[in-house]
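Peer 1: Here is my input; please provide its structure:
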Amino acid sequence: MAKAIRIARTGGPEVMEYRDVDVAAPLPGEVRVQQAACGLNFIDVYHRNGTYRQPLPGSLGLEAAGTVLEVGPGVEQLRVGDRVAYAGGPVGAYASERCMPAAPVVKLPDAISFETAAAMMLQGLTVQYLFRRTFMLRGGETILFHSAAGGVGLIACQWARALGVTMIGTVSSDEKAELANAAGCTHVVNTRRENFVERVRELTAGRGVPVVYDGVGKDTFTGSLDCLARLGMMVSYGGASGPVPPFALSELSSRGSLFITRPTLFDYIAQRSDLEAMASELFYMVGSGKIAIDIRQRYPLAEAARAHEELEARRTTGSTILLP
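Peer 2: Below you'll find the model as predicted:
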């Protein structure tokens, strides 16, 4: 009997139930996957607490890695026995086994373990689209990246270093500052002791940066705008501190004709060809050693509620996985 996390209502971590589930044969266009590891991401919290709505009763999780057990009619790109990974809907990755659409599932190179894949797909693909598509970094730029010691942030530190980009990263503790430094972040700002806007202006001789990558949201939004150079771009890709409140468009013009975007990974990987190209670059960066995936927390799937508590309290660093 397979195991999975289910929720009947939105709320705190206590709404998650660890249950036995039946897994039917895959429908046309689907595959059945035995999952070796599942990723934990802040978007899972949004689904659990109702920030992002989904049908209930439902499940959680958008990322995992494992082995194809069965292939449904019409699936040609995958075979039984393939090592695979995915980052994409529908939700339901918090499970030991599941059926899901084959569209977001990609073959995993032998050199990358299931645990590494489960920890990197959503976060790594996020950095790929942020750096290579939303605002193309070519090397030589100076950027601001918030939460530099988180799962996305530590990948961003290494990717920026590989590209020859000067990264200013914010963190909330000395421990996290050490992690970001070790991962290649050029300048680390501890926001408990320093004003990140003042520090960015100091480091850029008052010019500001051409782009800010902000996954924090409400608490950093206005300050992030103040860090941008004229014609700079604000990339607001998450809201760990809460959603950005409404603001007047004149806030952009008064700061130098700024641009702003609110991207999501799932639009960038909607086309299979884009997903495969993005995953290929991510696999290369990890397989070549340019990026090391730092798994700092492992929880049994049955303890997913505890994992959510730690994540929301910002007591986690690097990547976190759940083990069925």
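Peer 1: any idea how far the residue most central in space within the chain is from Q77?
Peer 2: Of all residues in the chain, the one closest to the mean position by C-alpha atoms, centre = their mean is Q123, 3.0 Å from it. Applying C-beta to C-beta, to the nearest Å, the value for Q123 to Q77 is 24 Å. For glycine as for every other residue, the C-beta is placed from the backbone atoms N, C-alpha and C.
Peer 1: Could you do M233 as well?
Peer 2: If you go by C-beta to C-beta, the gap between M233 and Q77 works out to 35 Å.
Peer 1: which one of those two has more residues nearby?
Peer 2: Ranked by neighbour count (other C-beta atoms under 10 Å), M233 and Q77 place M233 first, with 17 against 14.
Peer 1: my guess is that one meets R262, correct?
Peer 2: No - contact criterion C-beta atoms under 8 Å: M233 and R262 do not qualify, at 11.7 Å.
Peer 1: tally of neighbours for the nearest residue to G58 once chain neighbours are set aside?
Peer 2: Residue nearest to G58 in three dimensions, not counting chain neighbours: I7, with 5.9 Å by C-beta to C-beta, 6 or more residues apart in numbering. Residues lying near I7 (other C-beta under 10 Å) number 20.
Peer 1: wait, what's in contact with I7?
Peer 2: If you count contacts by C-beta atoms under 8 Å, 6 or more residues apart in numbering, I7 has them with 15-17, 48, 56-60.
Peer 1: now, among the residues you listed, which is nearest to V188?
Peer 2: R48 (30.8 Å; C-beta to C-beta).
Peer 1: sorry, back to before: tell me the one of the contacts of I7 nearest A277?
Peer 2: Distances from A277 to those, taken by C-beta to C-beta, are shortest for L60, at 28.1 Å.
Peer 1: And the closest one, how far from P104?
Peer 2: Distance from L60 to P104, by C-beta to C-beta: 16 Å.
Peer 1: These two: who's more crowded?
Peer 2: Taking other C-beta under 10 Å, L60 and P104 do not tie; L60 has more neighbours (27 against 22).
Peer 1: quick one, what contacts that one?
Peer 2: 5, 7, 16, 44, 47-48, 91-94, 304.
Peer 1: Just the buried ones among these, please.
Peer 2: 5, 7, 16, 44, 47-48, 91-94, 304 (16 or more other C-beta atoms under 10 Å).
Peer 1: So which of the residues you listed sit within strands?
Peer 2: In strands, judged by DSSP state E, the following of the buried ones among the contacts of L60 are found: 5, 7, 16.
Peer 1: Nearest to L137 among the residues you listed?
Peer 2: Once C-beta to C-beta is applied, the member of these that ends up nearest L137 is I5, at 36.4 Å.
Peer 1: Would you mind checking the average pLDDT for stretch 120-129?
Peer 2: Mean pLDDT, computed over stretch 120-129, is 96.
Peer 1: Send over that stretch as PDB, restricted to the C-alpha atoms.
Peer 2: Extracted C-alpha coordinates of stretch 120-129, given in PDB (Å, rounded to 0.1, in the frame of the first residue of the first chain):
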ATOM      1  CA  MET A 120      17.100  20.600  -7.000                       C
ATOM      2  CA  MET A 121      14.400  20.400  -9.700                       C
ATOM      3  CA  LEU A 122      12.100  23.200  -8.600                       C
ATOM      4  CA  GLN A 123      14.700  25.400  -7.100                       C
ATOM      5  CA  GLY A 124      17.300  24.800  -9.800                       C
ATOM      6  CA  LEU A 125      14.900  25.400 -12.600                       C
ATOM      7  CA  THR A 126      13.700  28.500 -10.800                       C
ATOM      8  CA  VAL A 127      17.300  29.900 -10.800                       C
ATOM      9  CA  GLN A 128      17.700  28.800 -14.500                       C
ATOM     10  CA  TYR A 129      14.700  30.900 -15.600                       C
END
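Peer 1: hmm, who's touching that stretch?
Peer 2: 39, 41, 43, 62-63, 65, 85-87, 151-152, 155-156, 159, 237, 263, 265, 268-269, 278-279, 281-282, 285-286, 291, 293, 319.
Peer 1: And the strands in the stretch 101-250 of the chain?
Peer 2: Assigned strands in the stretch 101-250 of the chain, in chain order: 105-107, 142-145, 166-171, 187-190, 209-214, 228-236 (criterion: DSSP state E, counting those that start in this stretch).
Peer 1: just so I know, which of those lies nearest Q297?
Peer 2: strand 166-171 (17.1 Å).
Peer 1: Show me what the closest one is packed against.
Peer 2: strand 142-145, helix 151-163, helix 174-183, strand 187-190, helix 196-203 (3 or more C-beta pairs under 8 Å, 6 or more residues apart in numbering; DSSP states H and E).
Peer 1: How far off centre is that strand?
Peer 2: In this view, strand 166-171 has its centroid 17 Å away from the chain centroid, taken as C-alpha atoms, centre = their mean, to the nearest Å.
Peer 1: repeat for stretch 243-261
Peer 2: Using C-alpha atoms, centre = their mean, the offset of stretch 243-261 from its chain centre is 24 Å.
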